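A.B. asks: Would you be able to build a 3D model of this:
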Amino acid sequence: MSQSALKTRTIATTMRASHSRTGLRVLPVLAAAMTALLAGCAQRDSITVGAIPDDYRTNHPIVIAEKNQKIDLPVGAGDRGMTGSQRDTLLGFLDGYDKSAAPSLTIQIPSGSANEVAATAAGRDFARLAVASGIKRNRIVVTSYQAGSSETSAPVRVSYIAVRAQTDKCGRWPDDLLETSENKHYADFGCSYQNNLAAQMANPGDLLGPRKQSTIDAENRGAVIDVYRARGISGEFLGNSEVTY
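C.D. replies: Modelled structure (predicted):
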C-alpha cells in the first residue's frame with residue numbers, strides 16, 4: 001500500500017472514531033432531556049392551566065362564613081297585631097335559627113311610615129312568637145329604622161347571624177362569550193351550581209369532615225334481620241335473576 005493511501009485510511013478511521021465518541025457523549029444529554037420532559041408531563045395539574053384557574057370549583061369556591069339571614073314581613077296600615085300568614089312565615093324563617101349558638105334576633109320596626117302603629121303592634125307579637133318557639137328573651141333585640149316615605153307602608157325586618165355554606169354572587173360577565181380562542185370556561189360558569197349546592201347544606205360542618213357515628217339500635221337491627229331470614233329468597237327474585245340457585 002502506498003504512503004498516500006495509508007494516510008487517507010488513517011484519517012478516515014480517526015474521523016469514524018471521533019464521530020462515535022461524539023455520539024456517546026450526546027446520548028446521555030438526550031436521555032436527560034427526555035426524562036425531564038416526561039417528568040413535567042407526569043406532574044401536570046389537570047385543574048389549572050398555567051397560572052390561570054379554569055375550574056368552577058376554583059373560580060367559585062364554597063366557603064363557610066357568617067351570613068345575615070333576614071326576612072321582610074309586610075304589615076298593612078289597618079292591621080291590628082300579627083296575622084296568620086305572618087305567623088306561618090315567621091315560624092318557617094325561625095326554623096333555621098340555631099338555638100345552641102343563640103345569636104341575637106333583631107326585629108326592626110319602621111318609624112315614620114304610614115303603618116308605624118300597626119308595625120309596632122306586629123313587632124311585639126313577633127317577639128312573643130320568637131320566645132314561644134324557644135328563643136331566649138335576652139337574645140331578642142327590638143329596634144327601629146327610618147322609613148323611606150311617610151306615605152307608604154314599610155315592612156318589619158327580622159334578622160339574625162348564622163354560619164352558612166356560601167359562595168360568591170353570580171352574574172359576573174367581564175368578557176365576551178364569543179372570545180373562546182383559549183377554550184376556557186367563562187367567568188360565571190358553575191356559579192349557580194355551587195350556590196345551589198351550598199344552599200342545600202343543612203349543616204355546614206359536613207363540608208369540613210364526617211360526623212361522629214351515632215349508636216346503633218340493636219333491637220331494630222335484630223328485627224330487620226329476622227324479617228330478612230324469614231322471607232328467604234322469593235320466587236319473583238329467582239325469576240328475574242340471572243343466577244341459577
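A.B. asks: so where do the strands sit in the chain?
C.D. replies: Remark: strands of the chain, listed N- to C-terminal, are 48-49, 52-53, 63-73, 105-111, 140-146, 156-166; assignment by DSSP state E.
A.B. asks: Serialize these to CSV and add fields for distance to residue 205 and mean neighbour count.
C.D. replies: For glycine as for every other residue, the C-beta is placed from the backbone atoms N, C-alpha and C. CSV is the format used below for the strands of the chain (distance: least, C-beta to C-beta, whole Å; neighbours: other C-beta atoms under 10 Å):
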stretch, distance to residue 205, mean neighbour count
strand 48-49, 28, 13
strand 52-53, 26, 12
strand 63-73, 8, 13
strand 105-111, 22, 20
strand 140-146, 26, 14
strand 156-166, 9, 19
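A.B. asks: how many neighbours does residue 112 have?
C.D. replies: Applying the criterion other C-beta atoms under 10 Å, we find 13 residues in the vicinity of residue 112.
A.B. asks: Go ahead and flag the most central residue of the chain.
C.D. replies: residue 62 (3.3 Å; C-alpha atoms, centre = their mean).
A.B. asks: Among the strands of the chain, show the one with the smallest mean pLDDT.
C.D. replies: Here the strands of the chain differ in mean pLDDT, and the lowest is strand 48-49 at a mean of 46.
A.B. asks: Quick one: the strands of the chain as a markdown table, columns for distance to residue 85 too.
C.D. replies: As requested, the strands of the chain are arranged in a markdown table below (distance: least, C-beta to C-beta, whole Å):
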| stretch | distance to residue 85 |
| --- | --- |
| strand 48-49 | 50 |
| strand 52-53 | 46 |
| strand 63-73 | 9 |
| strand 105-111 | 17 |
| strand 140-146 | 21 |
| strand 156-166 | 13 |
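A.B. asks: Ok, which of the ones you listed comes nearest residue 230?
C.D. replies: Proximity to residue 230 (C-beta to C-beta) singles out strand 156-166 among these, at 44.4 Å.
A.B. asks: who does that closest one touch, helix- and strand-wise?
C.D. replies: When contacts are defined as 3 or more C-beta pairs under 8 Å, 6 or more residues apart in numbering; DSSP states H and E, strand 156-166 packs onto strand 63-73, strand 105-111, helix 116-132, helix 191-199.
A.B. asks: now with 7 Å?
C.D. replies: strand 63-73, strand 105-111, helix 116-132 (3 or more C-beta pairs under 7 Å, 6 or more residues apart in numbering; DSSP states H and E).
A.B. asks: Residues in contact with the second one: which ones?
C.D. replies: This means strand 105-111. Contacts to strand 105-111, defined as C-beta atoms under 7 Å, 6 or more residues apart in numbering, come from residues 97, 116, 119-120, 123, 126-127, 130, 135, 139-147, 154, 156-160.
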